[in-house]
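> 3D, please:
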Amino acid sequence: MAIQWFPGHMHLTRQAIAERITDIDVVIELLDARLPGSSANPMLAELTQGKPALKILNKQDLADPVRTAQWLAHYNALPETSAFGLDASETAPARRIIQGCRALTPNRVGMAKPMRVLICGIPNVGKSTLINTLVGKRAAKTGDEAGITRTEQRIVLEDDFYLWDTPGVLWPRIIVAQSGYHLAASGAIGRNAYDEQEVALELLTVLIRAYPQALVERYKVELPEGIEDEQLLEAIARRRGAFVGKGQPSLQKAAEIVIHEFRAGTLGRISLETPEEFAAWLAAGQARDAERQAKKEALAAQRKKRARI
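As a prediction, this is how the structure comes out:
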């Protein structure tokens with residue numbers, strides 16, 4: 001089942017970004033270092049096309065450092081784009097944002113030509129925490145639930161450096177199925193938009209393939225060759241004493257445990273995708289979407305033809 005989540009306030013955010021972007025010099029997009037491809041918003045890419053971009057892989061302390069390096073190389077190879085990893089709670093690295101923006105547009109300096117920056121990203125990616133770190137006080141609301149920030153605000157970081165913060169925003173339709181699951185696992189999607197067991201099973205599928213040792217060490221389970229995700233989830237339920245009824249393992253409770261421990265980083269430093277994997281998923285998603293659109297247009301043409309008869 002495809003996961004989608006685009007509540008009304010996100011539509012308003014989309015409109016606000018479209019109106020603001022003409023006056024912006026640099027666009028900062030905060031990405032989740034554990035899922036950089038899935039947390040990159042294609043709608044934002046379309047709205048901010050042509051603007052210098054600073055990609056920040058936030059929560060890098062929770063991500064696989066090898067895969068983070070691969071993603072940084074990927075983004076730094078793009079034109080007019082700079083990227084680095086960051087833990088939003090660290091004060092000194094956060095100041096690199098100002099330096100990174102000035103490097104992208106060195107002509108914007110002084111009160112006559114102040115730097116105007118827009119910072120955006122998906123919900124619950126750590127943007128508000130980062131802004132509070134930059135400002136040195138509680139300028140933005142924070143929380144572990146998607147959709148905390150609801151209004152745009154302007155923040156002065158230096159006399160000639162203005163930062164516009166926007167609410168976290170997804171995109172109207174997620175065409176990469178894996179992205180929907182990864183976004184849900186990370187906490188970027190509202191709880192009412194997905195089934196926790198389904199998300200946990202998809203998450204375990206990735207972990208069995210890429211991080212089996214982390215599963216063995218955390219849950220004290222065996223991973224025989226060919227083990228299925230549901231078998232593993234049941235084993236985790238038994239190991240953690242999650243039961244319902246007469247000793248029946250609770251897959252729901254086990255799913256909640258797996259998702260929570262992934263988000264908290266207690267499973268270890270994990271990244272759910274590589275640049276190559278995401279490129280393949282995106283190509284497949286675009287192909288399916290093109291096929292879907294072609295069928296939709298064909299049906300519309302048939303209806304129009306019948307209406308003429």
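> where exactly do the helices run in the stretch 51-200 of the chain?
All helices of the stretch 51-200 of the chain, identified by DSSP state H, counting those that start in this stretch, fall at 65-76, 91-94, 96-104, 127-135, 177-186, 196-210.
> where do the strands sit along this protein?
Assigned by DSSP state E, the chain shows strands spanning 26-32, 53-58, 81-86, 115-121, 153-158, 161-165, 243-244, 248-249.
> closest to Arg263 out of those strands?
Shortest distance between Arg263 and the strands of the chain, using C-beta to C-beta, is found for strand 26-32: 10.4 Å. Just so you know, the C-beta spots here come from the backbone N, C-alpha and C atoms, and that holds for glycine as well.
> how far off helix 65-76 does the closest one point, in degrees?
Interaxial angle of strand 26-32 relative to helix 65-76 (axes from the mean of the first three to the mean of the last three C-alpha atoms, to 10 degrees): 160 degrees.
> just the strands of the chain: most buried one?
Stretch with highest mean neighbour count among the strands of the chain: strand 26-32 (a mean of 25; mean count of other C-beta atoms under 10 Å).
> Starting from that strand, tell me which strands it pairs with and how they run.
Each strand that pairs with strand 26-32, with its direction, by DSSP bridges: strand 53-58 (parallel), strand 115-121 (parallel).
> what distance separates the first one from the centre of its chain?
Centroid separation for strand 53-58 versus its chain: 12 Å, with C-alpha atoms, centre = their mean, to the nearest Å.
> Determine the angle, from 0 to 180 degrees, between that strand and helix 96-104.
Using the same axes, to 10 degrees: strand 53-58 against helix 96-104 is 160 degrees.
> hmm, who's touching strand 53-58?
26-33, 36, 40, 63, 68, 71-72, 75, 78, 80-88, 97, 100-101, 104, 121, 125-127, 130 (C-beta atoms under 8 Å, 6 or more residues apart in numbering).
> and what of stretch 282-302?
With contact meaning C-beta under 8 Å, 6+ apart, stretch 282-302 is reached by Gly37, Ile175, Val176, Ala177.
> wait, which of these is closest to Ala279?
Among the contacts of stretch 282-302, and counting by C-beta to C-beta, the member closest to Ala279 is Gly37, at 7.8 Å.
> who touches the closest one in this structure?
Residues counted as contacts of Gly37 (C-beta under 8 Å, 6+ apart) are Trp71, Ser179, Glu273, Pro275, Glu277, Phe278, Ala279, Trp281, Leu282.
> ok, now Arg209?
Arg209 neighbours (C-beta under 8 Å, 6+ apart): none.
> From Glu202, how far out is it?
Distance of Arg209 to Glu202, computed by C-beta to C-beta, to the nearest Å: 12 Å.
> cool, and Val66?
From Val66 to Glu202 the distance is 22 Å (C-beta to C-beta).
> One more: Ala307?
From Ala307 to Glu202 the distance is 43 Å (C-beta to C-beta).
> swap in Met111?
Plainly put, Met111 is 51 Å away from Glu202 if you go by C-beta to C-beta.
> which of the two has more neighbours?
Glu202 (21 against 7; other C-beta atoms under 10 Å).
> residues in contact with the nearest residue to the more buried one once chain neighbours are set aside?
Excluding its sequence neighbours, the residue lying closest to Glu202 (C-beta to C-beta, 6 or more residues apart in numbering) is Tyr181, at 4.0 Å. Applying C-beta under 8 Å, 6+ apart to Tyr181 gives the contacts Ile3, Tyr194, Glu198, Val199, Glu202, Leu203.
> Any chance of those residues in CSV with pLDDT and distance to Ala264 as columns?
Output for these, formatted as CSV (pLDDT from 0 to 100; distance: C-beta to C-beta, whole Å):
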residue, pLDDT, distance to Ala264
Ile3, 83, 21
Tyr194, 94, 19
Glu198, 97, 20
Val199, 97, 15
Glu202, 97, 18
Leu203, 98, 13
